[in-house]
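coords please:
(one chain, ligands or ions: 3)
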Amino acid sequence: MANVTVIGAQWGDEGKGKIVDWLASRADAVVRFQGGHNAGHTLVVDGNVYKLSLLPSGIVRGTLSIIGNGVVLDPWALQAEIAKLEGQGVSVTTDNFAIADNCPLILPIHRELDGLREAAAGSGKIGTTGRGIGPAYEDKVGRRAIRVCDLAHLDGLGPMLDRLCAHHDALLAGFGAPPVDRAGLVASLREIAPFVLQFAEPVWSRLNKVKRAGKRILFEGAQGVLLDVDHGTYPFVTSSNTVSGTAASGSGLGPSATGFVLGIVKAYTTRVGAGPFPTELEDDTGERLGQRGHEFGTVTGRKRRCGWFDAVLVRQSCAISGVTGIALTKLDVLDGFETVKICTGYRLTGPDGADKVLDYLPSHAAEQASVVPIYEEMPGWEGTTAGARRWADLPAQAIKYISRVQELIDTPVALVSTSPEREDTILVRDPFAD
Ligand code: GDP
Ligand code: IMO
Ligand code: MG
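Ligands and ions are numbered 1, 2, ... in the order given. Next comes the predicted model:
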């Protein structure tokens, strides 16, 4: 059995969707295991653009696509996404799509609370996607979530609603907002229930059968390690564990199923939302990276912050997530730069005024915000990597850049991506063959 787990190794938007779609041709099932519709993945196939948030990126090829229990599911967002994809000719049926019946739901009250909190935080806001992700995960661990399986038992929802509303009504009162409209909530759940329930099943069972049959499972992570609730730039993170280990708990398979861990790594760095970003470039170079890379969020349309490649962060992410190999994406965006820089360490001034050099990102938010990157500079390359499909097509200096990245992050390159198009991908080492 050779399974592959795809995770983002930076702050999300590394190009996971493109790589998962590419790998899905060789997988028997693709499973989302955390996050929700805060994710935004753009796939380009023969010029056709598909935007996915909640559906696993295998769905465009028709590969069996599963939403695992670790995801928080907004049923209305799911319905809209399926309708949009069907409009593009992608069929989503009970044959190729299933949802874990123990998956917690994102309700309108979660979205509302996300918005109220962000508005109240003013300049201290996290810059969430406003999708209700944090509040939904809070209710899950607070043991008051409504889950997919509850949609089949709405008549017995009373005691659960009491718990949920007692909590939310208190929070809403604190914001001066009216209490939860219980009747309205139940009515809208009743309306959406049949749509969701047609896909609901104990997916752990289906996945274990796939595993026992020796078939290949591709786990699709959302966000990135630096947004992980434990290992990321806390509190400027998302509310789930985005590391590779979550593939097991978020799908109902043991850790041995995780297989080859493929870290998706952008050839430079971006971040959307607030929080520390040591190599951020608030100058013409940052602007140029953003323009060349079309760095605007898929979900919220926000402009992504851009900066040079940070080898310290990616080395840390690869170590924390046990990354076996990386897919280096968006190399083409660096085409045409006279010089390129890589961050190899940080300088941090201690309380005594003395400088320390760090080879990791410290845990404390204030220290994360004050580290100063130490750069290594390399010449850029002449010619282009855009659209290259073979290693031999890459300019020699671009190969040197890739080699230096591998060396600094202590992790080999398995794939290189050179454009948004599915087939503009160079295979160096097959993750499924390991
Ligand atoms: P994800 O959230 O990790 O799936 O990434 P997004 O889809 O949010 O953002 C990545 C963006 O870069 C998308 O618009 C992709 O179409 C695009 N993309 C992916 N790989 C490449 C690449 O190698 N080169 C270029 N130029 N664009 C890419
Ligand atoms: P994909 O899967 C980039 C960021 C938000 C915010 C923080 C918390 O496309 O890589 P949340 O709504 O999750 O509570 O927001 O996390 N964020 C992402 N940034 N890519 C994503 O997903 C993201 N999902 C959440 O911008 O900073
Ligand atoms: Mg994205």
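
longest strand of the protein?
The longest strand of the chain (DSSP state E) is strand 339-349.

elements contacting that one?
Secondary-structure packing of strand 339-349 (3 or more Cβ pairs under 8 Å, 6 or more residues apart in numbering; DSSP states H and E): strand 309-310, helix 311-320, strand 355-358, helix 365-370, strand 372-379, helix 396-409. C-beta coordinates here come from the backbone N, C-alpha and C atoms, glycine included.

near ligand 2 at all, the second one?
No - using Cβ under 6 Å from any ligand atom, we find that helix 311-320 stays clear of ligand 2, coming within 13.1 Å at best.

give me the angle between that helix and strand 339-349.
Per axes from the mean of the first three to the mean of the last three Cα atoms, to 10 degrees, the angle that helix 311-320 makes with strand 339-349 is 80 degrees.

chain center to the helix or strand just after helix 311-320, what's the gap?
Note on helix 311-320: by DSSP states H and E, the next helix or strand toward the C-terminus is strand 325-329. Relative to the chain's own centre, strand 325-329 is displaced by 15 Å; criterion: Cα atoms, centre = their mean, to the nearest Å.

so what's the residue lying farthest from the centre of the chain scoring on pLDDT?
Of all residues in the chain, D352 sits farthest from the chain's C-alpha centroid, using Cα atoms, centre = their mean; the distance is 38.8 Å. Listed pLDDT for D352 reads 91.

the one 10 residues further on now?
With respect to pLDDT, P362 scores 97.

enumerate every residue touching the spatially closest residue to G286 that is not a sequence neighbour.
The shortest distance from G286 to any non-neighbouring residue, by Cβ to Cβ, 6 or more residues apart in numbering, is to C306 (4.6 Å). By Cβ atoms under 8 Å, 6 or more residues apart in numbering, C306 lies in contact with 268-270, 280-281, 286-287, 289-290, 293, 295.

going through these, which ones are buried?
The neighbour-count test (16 or more other Cβ atoms under 10 Å) marks 268-270, 280-281, 286, 289-290, 293, 295 as buried among those.

and the residue in the stretch 51-200 of the chain that ligand 3 sits nearest to, how far is that from Q10?
Here the stretch 51-200 of the chain gets closest to ligand 3 at one residue, S53, 8.7 Å apart by Cβ to the ion. Look at S53 and Q10: by Cβ to Cβ, to the nearest Å, they are 19 Å apart.

for the one helix or strand P135 maps to, name the packing helices and strands.
For P135, the host element (DSSP H and E) is helix 133-141. Contact partners of helix 133-141 among helices and strands, from 3+ Cβ pairs under 8 Å, 6+ apart: helix 108-121.

need the CA coordinates for the helix it packs on. CSV is fine.
Extracted in CSV, the C-alpha atoms of helix 108-121 (Å, rounded to 0.1, in the frame of the first residue of the first chain):
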residue,chain,number,x,y,z
PRO,A,108,-25.1,30.4,10.5
ILE,A,109,-24.5,31.3,14.2
HIS,A,110,-20.8,30.3,13.7
ARG,A,111,-20.4,32.7,10.8
GLU,A,112,-22.1,35.4,12.7
LEU,A,113,-19.9,35.0,15.8
ASP,A,114,-16.8,34.9,13.6
GLY,A,115,-17.8,38.3,12.2
LEU,A,116,-18.8,39.8,15.5
ARG,A,117,-15.5,38.8,17.1
GLU,A,118,-13.4,40.1,14.2
ALA,A,119,-15.2,43.4,14.2
ALA,A,120,-14.8,43.8,18.0
ALA,A,121,-11.1,43.0,17.8
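
that one vs helix 133-141, what angle?
Using the same axes, to 10 degrees: helix 108-121 against helix 133-141 is 120 degrees.
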